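Student: Kindly return the folded structure for what I paste below:
(chains A and B)
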Amino acid sequence: MRRSLLFIPANQPGMLQNADVFEADAVIFDLEDAVFASEKDAALELLNAFLDAIPLNKVEVMVRINGLDTDQGLIDLKHIVSEKIDTIMLPKANLDVLNSCSDILDELELNYQMLKRISIVPIIEDADACFHAYEIAKHPRVSGLLLGAEDLAKDLEVERTDASFEIFFARSQVIYAAKAHQKDAIDTPYVSTKNEEGLILDAKYAKSLGMNAKACIHPNQIDIINEIFSPSKADIEQALRIIKAMDDPNNKEKGAFSLDGKMIDKPIIERALKTIEKAKKYQLI
Amino acid sequence: MMIARCGTIESNDCLITVQRQQAFELKIDSIVFDQFGKQIEKVIKDTLTSMGIKHIYVHIQDKGALDYTIKARLITALKRLEKTHAS
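Tutor: Modelled structure (predicted):
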């Protein structure tokens, strides 16, 4: 269960050392697009040294490796997998790449005698991955899907716009695939880091479609994303009222009951319970 | 005369230059030399010892890097030097 995931370039010591200062639910140490090809070795060494030196207990530790279609992707996996990380973010994901990544993780976890099982968040960033999102989300190691809209737009040969009509289908695919398997649907980052109003509109729209989290590329986006993807005060109050009404002896034996003139049945009760669970996790109650 | 480098002179980072030579030599330029000069020297010497390297010239231009950054930049510079020699 995540709301905000912050990308941090793995080769910038100034950013690394603040990783757990920000209030993101997850940090994604980026070995891929944020690192020049000539500096991949330095980024990997720095990230490993950082993770060895600084325990990050409050935040989910994710690492975006380089694509497994490159030599560097395999080098990244072999050197970064340890008990200190929680999740591998897998770029250019498809079923073959996902299965390869999972097989390599099986081997590494065994070799390193790890107690932890590393999860995978595949990035859905081309048309083929969009169509296979359901099968990708089904994989037992997958804990969520991230939509990578910038690369997807490149693949589709379309312009990325603030209105985001061009990614409506992809967003829907990611959401339905993820939710069908009880995984996180993670929305693409909003790249205009100084446009707060644009971020709010974009994040609210993504949430209205069914996304439950959003990646971000600047710390100043975290608070907005956390607020939008947390249950609102009104949602929490209503959920508490539903749970209280459900416990009423007059309603307990019924499959459905009435509250404020509206029918409350199983799906609404389950949604209320989920809202309470989220509110507790994010310390809102 | 082969040299290798790693790092930057941005804040919180350091730029490390290494070069093979017949004796050990360390040059430290740091914005926090008065407070942390000895610690920087220790991190560099400990890292070299752990890698079994004795004869080397190391120049660090430090902009407030923490120990793990100095260690990582030094290891990468040394690996790059090794690759340069091997190729």
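Student: Please identify which helix or strand holds residue 15.
Tutor: All of this refers to chain A. helix A:13-16 (DSSP states H and E).
Student: other chain: chain B
Tutor: Applying DSSP H and E, one finds B:Leu15 within strand B:14-20.
Student: and that strand, what does it pack onto?
Tutor: Packed against strand B:14-20 by the contact rule (3 or more C-beta pairs under 8 Å, 6 or more residues apart in numbering or on different chains; DSSP states H and E) you find strand B:3-7, strand B:56-62, helix B:67-86. C-betas here are computed from N, CA, C, even on glycine.
Student: Doesn't A:Ile88 lie inside a strand?
Tutor: Yes - A:Ile88: assigned to a strand according to DSSP: H, G, I helix; E, B strand; the rest coil.
Student: what's it in contact with, if anything?
Tutor: Residues in contact with A:Ile88, defined by C-beta atoms under 8 Å, 6 or more residues apart in numbering or on different chains, are A:Met62, A:Val63, A:Ile65, A:Leu77, A:Ile80, A:Val81, A:Cys101, A:Leu105, A:Ile118, A:Ser119, A:Ile120, A:Val121.
Student: hmm, which of these are the buried ones?
Tutor: Among the contacts of A:Ile88, those classed as buried by 16 or more other C-beta atoms under 10 Å in any protein chain shown are A:Met62, A:Val63, A:Ile65, A:Leu77, A:Ile80, A:Val81, A:Cys101, A:Leu105, A:Ile118, A:Ser119, A:Ile120, A:Val121.
Student: State the three-state secondary structure for A:Pro231.
Tutor: Assignment for A:Pro231 (three-state DSSP): coil.
Student: host element of the residue nearest the centre of chain A?
Tutor: Among the residues of chain A, the one closest to the centroid is A:Ile186, at 4.3 Å (C-alpha atoms, centre = their mean). Assigned by DSSP H and E, A:Ile186 falls within strand A:184-187.
Student: what comes into contact with that strand?
Tutor: Residues outside strand A:184-187 that contact it (C-beta under 8 Å, 6+ apart) are A:1-2, A:5, A:121, A:143-147, A:171, A:174-175, A:178-179, A:203, A:206, A:210-215.
Student: Give me the mean pLDDT for it.
Tutor: The pLDDT scores in strand A:184-187 average 98.
Student: Kind regards, and thank you for your time.
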